[in-house]
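A.B. asks: With the input below, show me the fold.
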Amino acid sequence: LSANQIEKRYGKKTVLNRISLDLEQKNYGLLGSNGAGKTTLIRILAQILAKNGGTVTYFDKNHREIPRKNYQIGYMPQTFEAILEFTVTEQMQYFASLKKIPKSEQDEAIQKALELVNLTEQAGYQCRKLSGGMMQRLGIAQAILGNPDLILFDEPTTGLDPEERLRFKGVMRALEGTCTVILSTHIVEDMEAVCSEILVLKEGQKQFSGAAETLKNLARDRVFLLPDGTIRGQSGSWFEIRSVMEEYKSYSRMLYLGTSPKEEEKTYGDKPEQHTLEDGYMYLLKKK
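C.D. replies: Predicted coordinates for the structure are as follows:
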């Protein structure tokens, strides 16, 4: 998939400002604060929202350009809704028909998708009887149904318990390399486990595009675990990631935003904490 100079405006407000992407058969994480344009970009790539400018071009696995009608897209929106009178199987059959999966292949494709999201036992349930987490899993199942060329997940793990979040990571690992997957979520640790490439949007512009390890390493030597109250009078150079309790003492996990992290190491007399993808992402957003 190649997106070139994508623009989206609502009145005078520019939501996406000339976004260009070249996406391979990989798992991509899409990060950005609320209002950054993530959902708008996903909906444009899903072809359910018109853009004001730019082009989207589709390619087969041999990098040959193909028409949109021959390119299959799976999409799970932030809020997934089913036809409540349908059973889970009937809902999946409905989506299979929309995706033009041949009748002879539908049963096997549906069974495979439901197994991946652990919904096989609920196949005969009416959708109205599903819990919130089950409905999310049904949304994931319909998105992956039929082996699409592009799968778009917009906050898919909302409402999932820890065990089901682990199962979703397994789904993402199974998809790696088979198609193009874009995962938008605020749970960065989920993304770190399953996405090899990261895209970051900030105020409608592409702030970063590259390997997850590259983004993570932006925070190398910049994360410190400091006793509460250590940073005084220079808060502009620091960002508190979170509070931490250790041995009944309160600490702050701090991200240094200045230009000389090694000097901070000398000042506070300790080596920096192990950095994470979330740390690199926050540094990218908060640095001057």
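
A.B. asks: ranges for the helices of the protein?
C.D. replies: All helices of the chain, identified by DSSP state H, fall at 38-45, 88-98, 103-116, 132-144, 162-175, 188-194, 212-216, 261-268, 277-286.

A.B. asks: and of those, who's closest to residue 80?
C.D. replies: helix 132-144 (3.2 Å; C-beta to C-beta). Yep, even glycine has a C-beta here, placed from its N, CA and C like the rest.

A.B. asks: Pull the residues that contact the closest one.
C.D. replies: By C-beta atoms under 8 Å, 6 or more residues apart in numbering, the residues outside helix 132-144 that reach it are 74-77, 80, 82, 88, 91-92, 95, 113-114, 116-119, 122, 125, 127, 130, 151-153, 156-161, 164, 168, 171, 175.

A.B. asks: Just the buried ones out of those, please.
C.D. replies: Neighbour counting with 16 or more other C-beta atoms under 10 Å marks 74-77, 80, 82, 88, 91-92, 95, 113-114, 116-119, 122, 125, 127, 130, 151-153, 156-160, 164, 168, 171, 175 as buried within the contacts of helix 132-144.

A.B. asks: which parts of stretch 35-45 are buried?
C.D. replies: 36, 37, 38, 39, 40, 41, 42, 43, 44, 45.

A.B. asks: and what of stretch 3-20?
C.D. replies: Result for stretch 3-20 [16+ other C-beta under 10 Å]: buried residues 3, 6, 7, 8, 14, 15, 16, 17, 19.

A.B. asks: now, among the residues you listed, which is nearest to residue 236?
C.D. replies: Checking the buried residues of stretch 3-20 one by one against residue 236 (C-beta to C-beta), the nearest turns out to be residue 17, at 27.2 Å.

A.B. asks: which residues does the closest residue in space to residue 207 that isn't next to it in sequence contact?
C.D. replies: Closest residue in space to residue 207, ignoring its immediate chain neighbours: residue 200 at 4.4 Å, by C-beta to C-beta, 6 or more residues apart in numbering. Taking C-beta under 8 Å, 6+ apart, we find residue 200 in contact with 31, 32, 206, 207, 208, 209, 215, 281, 284, 285.

A.B. asks: Now render those residues as JSON lines, adding pLDDT.
C.D. replies: Below are those laid out as JSON lines (pLDDT from 0 to 100):
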{"residue": "31", "pLDDT": "95"}
{"residue": "32", "pLDDT": "93"}
{"residue": "206", "pLDDT": "95"}
{"residue": "207", "pLDDT": "94"}
{"residue": "208", "pLDDT": "95"}
{"residue": "209", "pLDDT": "95"}
{"residue": "215", "pLDDT": "96"}
{"residue": "281", "pLDDT": "95"}
{"residue": "284", "pLDDT": "93"}
{"residue": "285", "pLDDT": "90"}
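
A.B. asks: are any of those residues buried, and which?
C.D. replies: Neighbour counting by 16+ other C-beta under 10 Å classes 31, 32, 206, 208, 209, 215, 281, 284, 285 among the contacts of residue 200 as buried.

A.B. asks: Mind pulling up the pLDDT for the residue nearest to the fourth one when sequence neighbours are not counted?
C.D. replies: Same thing as residue 208. Spatial nearest neighbour of residue 208, excluding adjacent residues (C-beta to C-beta, 6+ apart): residue 200 at 3.9 Å. Predicted confidence (pLDDT) for residue 200: 96.
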